Structures are given as C-alpha cells and as structure tokens.
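**Q** Give the three-dimensional model of this entry:
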Amino acid sequence: MAVSSTALESIDNLDGLTLEESNQLIKVQRDILEIIVTSDDYQLALDSLCCAAEGLVENAVATILFFNPSKTALKLRAAPSLSEQAKADLNGLVPDNNSGSCGTAVFTGTPQFVKDTGIDKRWQDLQPFVNSHNIHACWSMPIVDHNKQVIGSFALSSFCSRSPNRYQINLLQISSYLVSLVLRREQEALALQQAAHYDYLTNLPNRNLFKERVEQSIARVSRGGSSLAIFFIDLDNFKQINDDFGHDAGDVVLKQVAERMQSRVRCEDTLARLGGDEFVLLLEDMKAQDELRLIAYKILDSFSQSIE
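**A** This next block holds a predicted model:
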C-alpha cells in the first residue's frame, strides 16, 4: 500500500500557524529526536510522542498502529492513555475502506479525518467501540516507511465530535513522520544486533553470542552447583560437497543441517555455528550422562534421511 502523494501535498501546503503553535510543534520534534539520538528505548520515544500530542490537543488520546508480520491486520504499538479494554478491542483491526479512521487510512494511504464517528460510514461497523470508549471523532494519518509504503497509522481520537484545524493536522503529519523515524532507527539497531550475534546463513547464534552464553552458563553453574555440557559437531567430507556441487549447494546443506539439529534440541539449549561446517551445542541442567547420550543420538538421527 503506497501513500497518496496528493494527500501529502495538500497537508504540506497548509500554513497560517501562530508563532506559539509553530514553537510547540518544533518542541515536539526536538524532544522526540533527542530520545531517538540519546537512547535505544524506542518504546519510550513512541509513548512520549503520544503523550506530547495529547498534551497539545485537549480531550484526545493518541494511538500508534503497525501492521502485524503477515500484514493482514494492525497491531497496537503505543497508546499510553488508552484503557486496557480499549487496547484489546483495537488490536487486530483489519484495514479496509470502512474500518474506522485508522484502518481506512492504512488501506487507502490517505489521511482520514472523521468529525463524528456516530454517523460516519467509515465507522458504521465499529459502533460498539465508539459507545464503549466514548470515541466521537478520530483523525488518522498513515505512517510510511522510507520506501513510501504504508506501515501503520498515527491517530488522535477525541471525546467530542469535531474536525481538526490546521495546527492539529500539522501535528498529525509531524507525529506520523517521527514514528517512521523511530521505527527505522529501531530496525537498523536490530539489524546491527543480528549481524553482531547471529550467523548470516543459518540464523543461529554465532561465535560471539555463544561465548557470552557459555560465560553466563558457567557463572550460573558456579553459583548453583548444577552442570553443563558442550557438544562440538562438524560434518564429515563437507569440503567435497562444495567442490563437487558448488558453494551455493554447500550453503543449502548447512541451512538444512542447522534446521534439523535445532529441531532435536530443547528451546533453552544454545545451538551455534562457529564457522564453516563447525557447530557447537550448549546444554544446561544435565543430570546424567544418559541424557547427553540420548541428545547425541537424536542429533545423529536427524541425518538418517539424506539431503537432496
């Protein structure tokens, strides 16, 4: 879903703000950008943005919705002033042409300013939510990523029927943009963390993360008197696979090997790839050698069927 450029242009062209209103919007931007730059608490940045927007619009609550991983519904990411029941009722909203202000904004990629939720057709299927939570107006701005794809919405919902003025529309636009910045920074941080701690091919923990977990495990064992075990695992004749079929085929084998071994160990165990065809498995709370023997048999049995 791409955002409508004409809708954005109409918002960008709005003017007529007072000096006080302009300074308020500048302060919101400065405060949120400071959190983004100085902290890795991205949830704090989103919650703070909601609270800041609510402080500038009387009798309103702010919400931030993002697509779920499958992009079939919207998941609530921030709404610090919303009741727990309202949060539960809002979670899972499916975007379409008549799914309230937020669902419609995401579906169409255009801002949706609903003055009266009691009579607006975009809210006709959400009247239980309107009545239960006293939401009588809702203004929603689509959130777009750096590829101009709609990924969610920023909204202000009002406890009285009203339309947004120029200042409030500018606040919505700025807030939507700030949310996209927060999300992008969060994704970049996660990507860096993934690269630093996980193997790019198998997505298993890499040597660095395995070392950290071993050190933590040794500390726990030293305090509690439990035990740990480490298996070193490599693949016989793996070089021949690369030589005969190419490195792409070798990569396929390594990924399948990782998946098979991962399926045979406990969720609390750490299976890591050290590099090449070398893997290592960290086990804690092993009470007898028979347990270790059983795990070893399970890993070997995972290769009872050939890899095509």
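
**Q** any chance you could map the strands in this structure?
**A** Ranges of strands within the chain are 60-67, 74-78, 112-114, 137-144, 150-158, 228-234, 270-275, 278-284, based on DSSP state E.

**Q** Adding mean pLDDT, distance to Tyr167 and mean neighbour count, write these out as a markdown table.
**A** All C-beta atoms are positioned from the backbone trio N, CA, C, and that covers glycine. Below are the strands of the chain laid out as a markdown table (pLDDT from 0 to 100; distance: least, CB to CB, whole Å; neighbours: other CB atoms under 10 Å):
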| stretch | mean pLDDT | distance to Tyr167 | mean neighbour count |
| --- | --- | --- | --- |
| strand 60-67 | 97 | 13 | 24 |
| strand 74-78 | 97 | 22 | 21 |
| strand 112-114 | 98 | 13 | 23 |
| strand 137-144 | 98 | 12 | 27 |
| strand 150-158 | 97 | 12 | 26 |
| strand 228-234 | 93 | 61 | 14 |
| strand 270-275 | 94 | 53 | 20 |
| strand 278-284 | 94 | 57 | 20 |
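
**Q** tell me which residues of stretch 33-50 are tucked away?
**A** Ile35, Ile36, Tyr42, Ala45, Leu46, Asp47, Ser48, Leu49, Cys50 (16 or more other CB atoms under 10 Å).

**Q** Can you check the pLDDT for the last one?
**A** Turning to Cys50, the model gives it a pLDDT of 97.

**Q** Quick check, it in contact with Leu82.
**A** No. Cys50 is beyond contact range of Leu82, at 9.0 Å (criterion: CB atoms under 8 Å).

**Q** which residues are in contact with both of these two?
**A** Residues touching both Cys50 and Leu82 by CB atoms under 8 Å, 6 or more residues apart in numbering: Val61, Thr63.

**Q** Counting neighbours, what do you get for Ala53?
**A** Close neighbours of Ala53, defined as other CB atoms under 10 Å, add up to 22.

**Q** Report the contact partners of it.
**A** Val28, Ala60, Ala62, Leu156, Leu171, Ser175.

**Q** would a markdown table of those with distance to Leu292 be doable?
**A** Listed next are the contacts of Ala53 as a markdown table, based on distance: CB to CB, whole Å:
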| residue | distance to Leu292 |
| --- | --- |
| Val28 | 58 |
| Ala60 | 60 |
| Ala62 | 54 |
| Leu156 | 59 |
| Leu171 | 61 |
| Ser175 | 55 |
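
**Q** Which pair of those spans the longest distance?
**A** Val28 and Ala60 (14.4 Å; CB to CB).

**Q** picking that back up, redo the strands of the chain as JSON lines? Include distance to Ala86.
**A** Putting the strands of the chain into JSON lines (distance: least, CB to CB, whole Å) gives the following:
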{"stretch": "strand 60-67", "distance to Ala86": "8"}
{"stretch": "strand 74-78", "distance to Ala86": "9"}
{"stretch": "strand 112-114", "distance to Ala86": "17"}
{"stretch": "strand 137-144", "distance to Ala86": "12"}
{"stretch": "strand 150-158", "distance to Ala86": "9"}
{"stretch": "strand 228-234", "distance to Ala86": "47"}
{"stretch": "strand 270-275", "distance to Ala86": "40"}
{"stretch": "strand 278-284", "distance to Ala86": "42"}
